[in-house]
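Trainee: The sequence isn't on hand, but the structure is:
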DNA sequence: GATCATTTGACATCATGTTGTCATTCTTCT
DNA sequence: AGAAGAATGACAACATGATGTCAAATGATC
């Protein structure tokens, strides 16, 4: 098996933190033009046709309660609502309202345009390979934790 | 110039968010064994021989005030202290105390051992290439922002 | 030197996300 | 059925980090 230099990995770890920060800032900027925030968009986007809060959290890789708070905010602002779940009395289905969907579409359009621009300006990168390595790292971290 | 699929980049973005979360959790775990937290360790480690809060923030890529709060916590707990700065009356130098250095060494030992383990279990990854791609992305994001 | 812009730390406020606890609801096993 | 365990949302406390405002200190320009 090929042996890796721990120093290289350490640099990758720092780079990930840095890029993550930049990505979040960019995400906030994109969402704010539609009066939303990065996390609210992520939750809204993940909901799809209706999904429990716990399931949404799992898909996002977040804690349940973090999503719960965002979800309550979305409902308070009329972008989503809880609907009865025939399969589970307690786990209501969170679903985007028409208004929430409109906002989501706005942000998604801006996001797609933005990703396209970034992708075009990073022609030298091999995103397929990078993605594979990141997934590999995620798996190793889950195993180590 | 090679053209990149925006969809691939989008997947990379999601992977970065996921890995970043896992890394932070791992970092908290490592630091907590020495009674510290991830961010406090980062600040303590960046200080070196003494550095203003603002300079520390720049190196970490964080906001000045975020580091300020961490720094005050470190001082309150006796792990760092402010010293007079001959070059700047207002910008005092933040410096680790002997006790802070001891804690830092503990965490660094555990961290190095941990990175080594993760590096060993991800032999199939090319961290050099991944790092280059991440730096490329960081640059593109800074330009776009 | 005088003036204006920048840098810096202090202070406050806020959004995000984690952690822990609890009661309710569902699922599984016997 | 009944009991034990897991999943779920409500509620609260907390750490993290961003943002904005202010006054003091520094640096740049004229």
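Mentor: Okay, I see it. Everything numeric here is computed off the predicted structure, so don't read it as measured data. Numbers count the residues shown, from 1 in each chain, chains lettered A, B, ... in the order given.
Trainee: right, and residue A:35 touches residue A:103 too?
Mentor: Yes: in this structure residue A:35 lies within contact range of residue A:103 using Cβ atoms under 8 Å: 7.2 Å. Where you see a C-beta, it was placed from the backbone N, CA and C, and this is true even at glycine.
Trainee: Looking at the two, which is more packed in?
Mentor: Taking neighbours as other Cβ atoms under 10 Å in any protein chain shown, residue A:35 and residue A:103 compare with residue A:103 leading, 22 against 12.
Trainee: For chain A, just list every one of the strands.
Mentor: Listed in chain order, the strands of chain A (DSSP state E) span A:80-83, A:93-96.
Trainee: Let me know which of these is the nearest to residue B:55.
Mentor: Nearest to residue B:55 among the strands of chain A is strand A:80-83; the distance by Cβ to Cβ comes to 43.3 Å.
Trainee: Quick check: buried residues in that closest one?
Mentor: Neighbour-count burial for strand A:80-83, with 16 or more other Cβ atoms under 10 Å in any protein chain shown as criterion, is recorded at A:80, A:82.
Trainee: what does stretch A:71-84 give?
Mentor: A:71, A:74-75, A:79-80, A:82.
Trainee: How about residues contacting that stretch?
Mentor: A:36, A:40, A:43-44, A:47, A:50, A:53, A:56, A:92-97, A:99-100, A:103 (Cβ atoms under 8 Å, 6 or more residues apart in numbering or on different chains).
Trainee: what about that stretch, how long is it end to end?
Mentor: One end of stretch A:71-84 sits 15 Å from the other (Cα to Cα, to the nearest Å).
Trainee: Give me the subset of the contacts of stretch A:71-84 lying in helices.
Mentor: Members of the contacts of stretch A:71-84 lying in helices (criterion: DSSP state H): A:40, A:43-44, A:47, A:53, A:56, A:99-100, A:103.
Trainee: per-residue pLDDT, residue A:35?
Mentor: As predicted, residue A:35 sits at a pLDDT of 87.
Trainee: try residue A:142
Mentor: 83.
Trainee: and if you look at residue A:25?
Mentor: Note on residue A:25: pLDDT of 90.
Trainee: Ok, residue A:129 next?
Mentor: Value for residue A:129, per-residue pLDDT: 96.
Trainee: What is the neighbour count of it?
Mentor: Neighbours of residue A:129 (other Cβ under 10 Å): 16.
Trainee: just checking, residue A:39 touches residue A:56?
Mentor: No: if you go by Cβ under 8 Å, residue A:39 and residue A:56 don't touch, sitting 11.4 Å apart.
Trainee: Compare these two and say which is more crowded by neighbours.
Mentor: residue A:56 (23 against 20).
Trainee: The more buried one against residue A:67, yeah?
Mentor: Yes: if you go by Cβ under 8 Å, residue A:56 and residue A:67 touch, sitting 5.2 Å apart.
Trainee: Can you pull the residues that touch both of those two?
Mentor: Counting by Cβ under 8 Å, 6+ apart, the residues touching both residue A:56 and residue A:67 are residue A:43.
Trainee: how much space between the residue nearest the centre of chain A and DNA strand D?
Mentor: Of all residues in chain A, the one closest to the mean position by Cα atoms, centre = their mean is residue A:42, 4.6 Å from it. In this view, residue A:42 and DNA strand D are 16 Å apart by Cβ to the nearest atom of the strand, to the nearest Å.
Trainee: what's near enough to touch that residue?
Mentor: With Cβ under 8 Å, 6+ apart, residue A:42 has these contacts: residue A:60.
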